[in-house]
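> Sequence and predicted structure below; questions after.
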Amino acid sequence: MQEIAVMAVGASVGTTALAVLFLAFATLRRRQSDPDGRTVPSETVVLLRNGRVFDHTDDVVHLFNRSDINGMTWFELRDSLLSGFPDLPEDAPTVPDAWTCEFVEGATLRAIPSGTTLRLTLQAPMSKPAQTYRAAQIEQSFDRLFTICGNTPYPVWQTSRDDEVTWYNDAYEKLCEEIGQDPNDCLPFALPVPPSRSTQMNRLSLSDDTDKAHWFEVISTPTGEGWVHFATSIDSLVNAEMAQRNFVQTLTKTFAHLPIGLAVFDKNRQLVLFNPSMVDLTHLPVDFLSSKPNLLSFFDHMRENRTMPEPKNYANWRDKLYDVVTAAREDRYAETWNLPSGLTYKITGRPHPDGAVAFLLEDISAEISLTRRFRSELELTQSVLDCFGDSVAVFSRLGVLTFSNAAYRERWKCESDCTFAEVTIVDAVSIWRTACKPSPIWSELREFVLTLRERTAWESELTTHDGERLVCIVEPVAAGATMVRFASRSASEGVGTLRYVPAAYADPQMQQIEDDQRKQPGRSHG
């Protein structure tokens, strides 16, 4: 609002000043009336020789707001008087002529050439009381406007059609002093030629004695045949933009070597930052990403490149994309994309300051493949353990139950997979001790599982409260783990063997035949 007010004040200074001075001439330079009571006009005279002022009446300096007008050219005089006399010719008149002021009744400017001399006479009739009062009002208003414009902290100056400075305020004069230039001789700002007679805006820099650049935003408004210019310091804004640009470049270099794709959208949903991994993962052209596409266009191109799952209803998906942005801004957006190419992407949304949103795209195909393979191996291991007739349990180095087969769970009524809490060797020993008659091995077994020393396999006999005789076989395995097996005493000779059952023997009758053959003397266990 302050700049707008300054513009209005600056644009009206020339016209207001001329009106005030014309009325002032009519009021202050009264002459005596002739004996008949007729009004004798007052005169202000300016003399030019060879196109420059060499003499004038004393009061003329107020008309041009200069202490000395000697040396002024016709063009400078014309620019100062043009608002009141718009018909003044561009070149100094060579024949007598006269022009009437548009806003002061009876005021006339006459030109009388004589060889190389030109006489300009400004005449105005003596004013009436109402005109005197009005002149005082306008003068007071002008003084107020002139004071406001002169004390404005922003540089304000006026130029003619030839880019010559015709007026400036104190801030402009101070600026010229700081950069070592004369405000009357040259323009500190190299303003471009305006393409039209409309308000122009330019961003320019000036260098001081230390070559430090000071940035200004200059607004130029047309007035008459010249311009009024208003400069505002934007050093802090330029420094902030430069810091932001450097920060973005630093982020770009930081994320350039990351395997995770990064795309940052500003509060207007325009892409402002991306790294090379995003190009590799999405297969989007660099020139497209550099054009700062919006969020919808970005995902549209990803869909066309088949680097995101095809939505079942694309129209609804576009509408839901705004929900995705909202979720990302709240740091709760994460999805896994299974692509037609067999790849698996993980996309995550993260909030950024000032309403920006960042999307992270990660290729987790290898991780998913490894997880699936590991899960398959676990299932295979579990299946193998379930084929044992012995009760098998495997404890980690920390004494936590990691594997158990179906026979173990059936014998000891322990469903470790159905509990949230970890089953430890202490819990397992408690179950075994409760089901068996007293035995000295329990404390040794617990220490064996938890010890860090070298270990060797051992076994011991146990008897349950039901009278069943068991063999407890304890063996160290890889990674400091321990395998504990419980086998019936009658089958202890076959402990650790696997019996292969072909598909053809899955029938119960064929199973019975195989068992009978195994019981015959001289046949080995298969």
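Nice, thanks for sending it over.

> only C-alpha atoms for contact and neighbour calcs from this point on.
Fine.

> Contact partners for the residue nearest to residue 356 when sequence neighbours are not counted?
Take residue 356 and drop its neighbours on the chain: the residue closest to it by C-alpha to C-alpha, 6 or more residues apart in numbering is residue 266, 4.2 Å away. The contact partners of residue 266, by C-alpha atoms under 8 Å, 6 or more residues apart in numbering, come to 272, 354-357.

> Can you tell me which of those residues are buried?
272, 356-357 (16 or more other C-alpha atoms under 10 Å).

> Looking at these, which are in strands?
272, 357 (DSSP state E).

> Run through the stretch 301-450 of the chain and note the low-pLDDT ranges.
The model of the stretch 301-450 of the chain has pLDDT under 70 over residues 416-420.

> all helices of it, in order?
314-329, 365-387, 406-412, 425-435, 441-450 (DSSP state H, counting those that start in this stretch).

> Same check on the stretch 101-250 of the chain?
Under the criterion DSSP H, counting those that start in this stretch, the stretch 101-250 of the chain contains helices at 129-151, 170-178, 235-255.

> need these in a markdown table with mean neighbour count, mean pLDDT and distance to residue 388, can you?
Shown next, in a markdown table, are the helices of the stretch 101-250 of the chain (neighbours: other C-alpha atoms under 10 Å; pLDDT from 0 to 100; distance: least, C-alpha to C-alpha, whole Å):
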| stretch | mean neighbour count | mean pLDDT | distance to residue 388 |
| --- | --- | --- | --- |
| helix 129-151 | 16 | 74 | 99 |
| helix 170-178 | 17 | 86 | 95 |
| helix 235-255 | 13 | 82 | 53 |
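
> now the ones you listed in TSV, with distance to residue 443?
Conversion of the helices of the stretch 101-250 of the chain to TSV gives the following (distance: least, C-alpha to C-alpha, whole Å):
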stretch	distance to residue 443
helix 129-151	96
helix 170-178	92
helix 235-255	56
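
> For residue 375, find the nearest of those.
Comparison of the helices of the stretch 101-250 of the chain against residue 375 by C-alpha to C-alpha identifies helix 235-255 as nearest, at 33.0 Å.

> what packs against the longest strand belonging to the chain?
Criterion DSSP E: the longest strand present in the chain is strand 213-223. Secondary-structure packing of strand 213-223 (3 or more C-alpha pairs under 8 Å, 6 or more residues apart in numbering; DSSP states H and E): helix 2-28, strand 200-207, strand 226-233, helix 235-255.

> Would you pull up how far it lies from the middle of the chain?
How far strand 213-223 lies from its chain's middle: 27 Å, per C-alpha atoms, centre = their mean, to the nearest Å.

> what does it rub up against?
By C-alpha under 8 Å, 6+ apart, strand 213-223 touches 7, 11, 197-208, 227-235, 238.

> Report the buried members of these.
Judged by 16+ other C-alpha under 10 Å, buried ones among these: 7, 11, 200-201, 204-205, 227-234.

> how about those, which pair is most distant?
Maximum distance among the buried ones among the contacts of strand 213-223 (C-alpha to C-alpha): 24.3 Å, for 11 and 205.

> Tell me the confidence at the most centrally placed residue in the chain?
Geometric centre of the chain, nearest residue: residue 266, 4.3 Å, by C-alpha atoms, centre = their mean. pLDDT recorded at residue 266 is 88.

> could you dump stretch 363-372 to CSV, C-alpha only?
Provided in CSV are the C-alpha atoms of stretch 363-372 (Å, rounded to 0.1, in the frame of the first residue of the first chain):
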residue,chain,number,x,y,z
ASP,A,363,13.1,-50.8,-6.1
ILE,A,364,12.6,-53.6,-3.6
SER,A,365,12.4,-56.5,-6.1
ALA,A,366,15.6,-58.1,-4.8
GLU,A,367,14.4,-57.7,-1.2
ILE,A,368,11.1,-59.2,-2.0
SER,A,369,12.7,-62.1,-3.9
LEU,A,370,15.1,-62.7,-1.1
THR,A,371,12.2,-62.7,1.4
ARG,A,372,10.2,-65.1,-0.7
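
> in it, what's buried?
363-364.

> Can you give the distance from it to the centre of its chain?
With C-alpha atoms, centre = their mean, you get 33 Å for stretch 363-372.

> And for stretch 81-101?
Per C-alpha atoms, centre = their mean, the centroid offset for stretch 81-101 relative to its chain is 57 Å.

> tell me the mean pLDDT over it?
87.

> Next, the buried residues of it.
So stretch 81-101, judged by 16+ other C-alpha under 10 Å, has buried residues 81-85, 88, 92, 99-101.

> which two in those are spaced the farthest apart?
92 and 101 (18.0 Å).

> Tell me how the chain divides into domains.
Per automatic domain parsing, the domain ranges recorded for the chain read 2-31+39-134, 153-233, 240-363, 383-495.

> Kindly reformat the ones you listed as TSV containing distance to residue 143.
Below are the domains of the chain laid out as TSV (distance: least, C-alpha to C-alpha, whole Å):
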stretch	distance to residue 143
domain 2-31+39-134	9
domain 153-233	14
domain 240-363	39
domain 383-495	87
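
> and residue 146, which of those is closest to it?
Here domain 2-31+39-134 is closest among the domains of the chain (C-alpha to C-alpha), at 6.9 Å.

> Show me what residue 108 is bridged to.
Beta-bridge partners for residue 108, by DSSP bridges, are residue 100, residue 123.

> Can you get me a residue count around it?
18 (other C-alpha atoms under 10 Å).

> can you pull the contacts of residue 334?
346-349.

> farthest-separated two in the residues you listed?
Top of the distance list for the contacts of residue 334 (C-alpha to C-alpha): 346 and 349, 10.3 Å.

> The residue lying closest to residue 403 once chain neighbours are set aside and residue 413, how far apart?
Spatial nearest neighbour of residue 403, excluding adjacent residues (C-alpha to C-alpha, 6+ apart): residue 394 at 5.0 Å. Separation of residue 394 from residue 413 (C-alpha to C-alpha, to the nearest Å) stands at 16 Å.
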